[in-house]
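K.L.:
Requesting a structural model of the entry that follows:
(4 chains)
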There are 2 protein chains.
Amino acid sequence: MIPNHPFRPAPLTARDKLLEAGVKLVRQHGFSATSVDQLCGEAGVTKGAFFHHFVSKEALGVALADYWSSSTGQFFAAARFHQHADPLDRVLGYIDLRIALISGPVESFSCVAGTMVQEAFRSSDSIRSVCNSSILGNAAALEDDLAAALARSGASGVTAASLSRHIQAVIQGAFIMAKAAGAADAAAAAREHLMHLRRYLELLLAGETIHAN
Amino acid sequence: MIPNHPFRPAPLTARDKLLEAGVKLVRQHGFSATSVDQLCGEAGVTKGAFFHHFVSKEALGVALADYWSSSTGQFFAAARFHQHADPLDRVLGYIDLRIALISGPVESFSCVAGTMVQEAFRSSDSIRSVCNSSILGNAAALEDDLAAALARSGASGVTAASLSRHIQAVIQGAFIMAKAAGAADAAAAAREHLMHLRRYLELLLAGETIHAN
DNA sequence: GTCAGCATACCGACCAGTTGGTATGCTGAC
DNA sequence: GTCAGCATACCAACTGGTCGGTATGCTGAC
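P.N.:
I've put the predicted structure just below:
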């Protein structure tokens, strides 16, 4: 998700540098495979600085998920797709933005929270919980628009909350497929699934139109 | 995926014991966080036995993805949903089977290949490649049925190959959401997304029926 | 002077991988 | 039929290096 937030100019304190290093290294190698020494090296600080700001590696993981959550939250809250008058257009605008963000190597568009929770869901409940909040936060930001679009479409058996979570699920699945596809095909592999997701939302929410375009 | 294959009675050799231990521990802790010592302990063999059968931990990862691939392949090939006369019923039968397999803790239904590729996609191209083959193998097994259903529905802009991959993407995404949701809600969280996937397939492939049921 | 914000030096535990060895079973020459 | 020769399967102990974490010291701002 998100290339690199333009709003936060450059990490100044050791804490911010470590969090930025965490985003990069966790995306590349995962949480377990990223050592504290590597994080310090990437951030250009020493181990003393690390344990001054974080009581443990796990604590950095929690802070990293929080950092990621607020970064992505701000990014999508400020995006232009909110300006559309129609709720379905806003939802599809979100999907289109997500598609547009997918380019280059996997580690430039993958999700830090999704990556971390996969490794830490059993060993650290605090990391799992913050990652869950991060993903569900992204989901919740779409819930009102989905509710409006759902009400108009007359679709039954689907709640806006569930559909908002499903959007995030497909995005996470797309990232896994991208990682599996390999560097050369990663972006294309990921985009493919967001296109299917877009089609699902259109079929479900288009109202009176028939499914085929 | 798959609780535990009934056809392979019990691991006898150290190699098989290590692979079974790998399935369990990688699902629980991930690949990086699982040590060779842990694998040996779980398998009840010594380190010497480990490095007799595998030249490195990475080599076990490759063998594990292969083992997983053939286990799941056999399991789904033998499943009863193939008996349906209608191709769409076979596809939906597969989804229903996947839904039925989701119960209990995440580590009893999650995918070893999807878990491993997330951690190893950058550090080991051989592990990534085998995991990719495992996931795409599951996808390919549905391609003919999807092609038949697609042809009959008249849907345009979708290929059977892409749709088959998308099914696996949603499954992988569902597992991530399950891990994030936490132990108590994991299974329900995962099932939710397969229900959406089922709805998408129905909307797309149902032919002349309108989307809402 | 004191305290946040670091840096340096170090620790014990654990890591993947190595070593040197044993038990067992197959194979073919005699 | 038996036994040398050898491959396979496994074991226990060990190694160099890396791990997360700690103890302590410096330094400039207030």
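K.L.:
ok, the closest residue to chain B within chain A - contacts?
P.N.:
Of all residues in chain A, residue A:173 sits closest to chain B, at 2.7 Å by Cβ to the nearest Cβ. No exception for glycine: its C-beta is placed from N, CA and C like everyone else's. The contact partners of residue A:173, by Cβ atoms under 8 Å, 6 or more residues apart in numbering or on different chains, come to A:193, B:168, B:169, B:170, B:171, B:172, B:173, B:174, B:176.
K.L.:
Quick check: helices, which of the residues you listed are part of them?
P.N.:
A:193, B:168, B:169, B:170, B:171, B:172, B:173, B:174, B:176 (DSSP state H).
K.L.:
and which of the residues you listed is nearest DNA strand D?
P.N.:
Using Cβ to the nearest atom of the strand, residue B:176 is the member of the ones in helices among the contacts of residue A:173 that lies nearest DNA strand D, at 22.6 Å.
K.L.:
outside of the worst-scoring helix or strand of chain A on mean pLDDT, which residues touch it?
P.N.:
Least confident helix or strand of chain A, by mean pLDDT, DSSP states H and E, is helix A:47-53 with a mean of 88. Around helix A:47-53, the neighbours that count as contacts under Cβ under 8 Å, 6+ apart are A:14, A:15, A:18, A:36, A:37, A:39, A:40, A:60.
K.L.:
Could you measure from residue A:82 over to residue A:167?
P.N.:
16 Å (Cβ to Cβ, to the nearest Å).
K.L.:
cool, and residue A:121?
P.N.:
21 Å.
K.L.:
between the two, who's got more neighbours?
P.N.:
residue A:121 (28 against 24; other Cβ atoms under 10 Å in any protein chain shown).
K.L.:
List the residues that contact the closest residue to that one other than its chain neighbours.
P.N.:
Closest residue to residue A:121 apart from its sequence neighbours, by Cβ to Cβ, 6 or more residues apart in numbering or on different chains: residue B:179 at 3.9 Å. Residues near residue B:179 by Cβ under 8 Å, 6+ apart: A:117, A:118, A:121, A:128, B:106, B:110, B:186.
K.L.:
where does residue B:179 land in three-state SS?
P.N.:
helix (DSSP: H, G, I helix; E, B strand; the rest coil).
K.L.:
The residue in chain A that DNA strand C sits nearest to: neighbouring residues, count only.
P.N.:
Closest approach between chain A and DNA strand C, counting by Cβ to the nearest atom of the strand: residue A:48, at 2.2 Å. For residue A:48, the neighbour count with other Cβ under 10 Å is 9.
K.L.:
neighbour-wise, which of the contacts of residue B:179 leads?
P.N.:
residue A:117 (30 neighbours).
K.L.:
Would you mind listing the residues in contact with that residue?
P.N.:
A:127, A:128, A:131, A:132, A:135, B:176, B:179, B:180.
K.L.:
Tell me if the helix or strand containing it is near DNA strand C.
P.N.:
Using DSSP states H and E, residue A:117 sits in helix A:112-120. No: Helix A:112-120 does not reach DNA strand C (Cβ under 7 Å from any atom of the strand); its nearest approach is 14.0 Å.
K.L.:
what's the very next helix or strand once past that helix packed up against?
P.N.:
Following helix A:112-120 in sequence order, the next helix or strand is helix A:125-140 (DSSP H and E). Other elements packing on helix A:125-140 under the criterion 3 or more Cβ pairs under 8 Å, 6 or more residues apart in numbering or on different chains; DSSP states H and E are helix A:57-77, helix A:112-120, helix A:160-181, helix B:160-181.
K.L.:
Tell me how far the shortest one lies from the chain's centre.
P.N.:
Offset of helix A:112-120 from its chain centre (Cα atoms, centre = their mean, to the nearest Å): 11 Å.
K.L.:
Could I get the contacting residues of residue A:34?
P.N.:
Per Cβ under 8 Å, 6+ apart, neighbours of residue A:34: A:22, A:25, A:26, A:28.
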